[in-house]
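Novice: sequence below, structure please.
(one chain, ligands or ions: 1)
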Amino acid sequence: MTSDSQGSRPPRYKRVLLKLSGEGLLGNREYGLDLEMVNRIAGEIKNALATGIQLCVVIGGGNIFRGVSKAAEGMDRTSADYMGMLATVMNALAVQNALEKQGVQTRVQSAIPMSMVCEPYIRRRAIRHMEKGRVVIFAAGTGNPFFTTDTAAALRAVEVNCDAILKATQVDGVYSADPKKVPDAVRYDRLTFSDVLKQDLRVMDTSAIALARENKIPIVVFSLHSAGSLCEVLARRGLFTEICCDTEKE
Ligand code: UDP
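Specialist: A predicted model of the protein is given here:
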């Protein structure tokens, strides 16, 4: 029998949501966007799409502005959070531009309507776009202050019926502690949502974990730093941590 590594099996997922943090777009910069990085990520998305899956993306804004950052000190939290949401729109437009330059059809849908720039978020329309092979980029998080784009990712994944949330991070999975600070931190291949909550593992915020858990959507944590990693993860190869429902853990 041919193995997964020969790519002969159909993709495990039909539709996935990719969560990109703003940090992931930084490259070697300390602030803003590294266009080389954005182009590289667009290439990863293009290759993933070519495997036959449907794909949507939620983009963070932490590379530009975060409502809880030092730069927002003294501001009303709501105003600062709206600024953070607008930052995600900038990132979404950058990724859209990079994808379209590589011939991938996309639509940006914003939770804060801005009709001159992109579509408003409309669930059925988003699904239809994906069915037509377009990548839908969800911008402006949930549209509400006091939330994060992780929660937006879980919410959109549930709303548009995704089979998994792929969370791209700076490291290749979930560790027992920050591997950059604790050299002997343990890396997990598989966890349950209960493990994550009980051990207070910082994967996504608790509202995102709760949404994914309640709706039985696995979260796959991986690093986008090496070339081809998105396709690898979709083919269930390489390094990643899968967080699944308690009953699904082998
Ligand atoms: N934000 C918000 N509501 C949301 C999503 C995001 O208010 O539903 C704001 C919040 O200020 C947050 C910022 O947008 O700090 C950027 O999002 P996030 O921190 O999730 O970005 P990431 O860490 O993924 O780059």
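Novice: and stretch 25-37, how far apart are its ends?
Specialist: End-to-end distance for stretch 25-37: 6 Å, by Cα to Cα, to the nearest Å.
Novice: residues from the protein in reach of the ligand?
Specialist: Where the chain comes near the ligand, counting by Cβ under 6 Å from any ligand atom, the residues are 21-23, 60-62, 66-68, 80-81, 84-85, 87-88, 141-142, 144-145, 147-150, 152. Where you see a C-beta, it was placed from the backbone N, CA and C, and this is true even at glycine.
Novice: swap in 8 Å and give it another go.
Specialist: 19-24, 59-63, 65-69, 72, 80-85, 87-88, 111, 140-152 (Cβ under 8 Å from any ligand atom).
Novice: drop anything exposed from those residues.
Specialist: With neighbours counted using 16 or more other Cβ atoms under 10 Å, those contain these buried positions: 19-22, 24, 59-63, 65-67, 72, 80-85, 87-88, 111, 140-143, 145, 147-152.
Novice: from those, which land in strands?
Specialist: Among those, DSSP state E puts 19-20, 59 in strands.
Novice: ok, now which ones touch residue 166?
Specialist: When contacts are counted by Cβ atoms under 8 Å, 6 or more residues apart in numbering, residue 166 touches 16-19, 220, 222, 230, 233-234.
Novice: returning to that earlier point: reformat the ones in strands among the buried ones among the residues of the chain next to the ligand as JSON lines; add pLDDT.
Specialist: Converted to JSON lines, those look like this (pLDDT from 0 to 100):
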{"residue": "19", "pLDDT": "98"}
{"residue": "20", "pLDDT": "98"}
{"residue": "59", "pLDDT": "97"}
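Novice: which single one of those residues is nearest to residue 211?
Specialist: The closest of those to residue 211 turns out to be residue 19 (Cβ to Cβ; 12.5 Å).
Novice: just give the nearest non-adjacent residue to the closest one, would you?
Specialist: residue 153 (4.0 Å; Cβ to Cβ, 6 or more residues apart in numbering).
Novice: tell me who's in contact with that neighbour.
Specialist: 17, 19, 58, 165, 167, 204, 208.
Novice: just these: which are in helices?
Specialist: Residues of these located in helices (DSSP state H): residue 208.
Novice: ok, residue 75 - how many residues close by?
Specialist: 13 (other Cβ atoms under 10 Å).
Novice: measure it to the ligand for me?
Specialist: Per Cβ to the nearest ligand atom, to the nearest Å, residue 75 is found 10 Å from the ligand.
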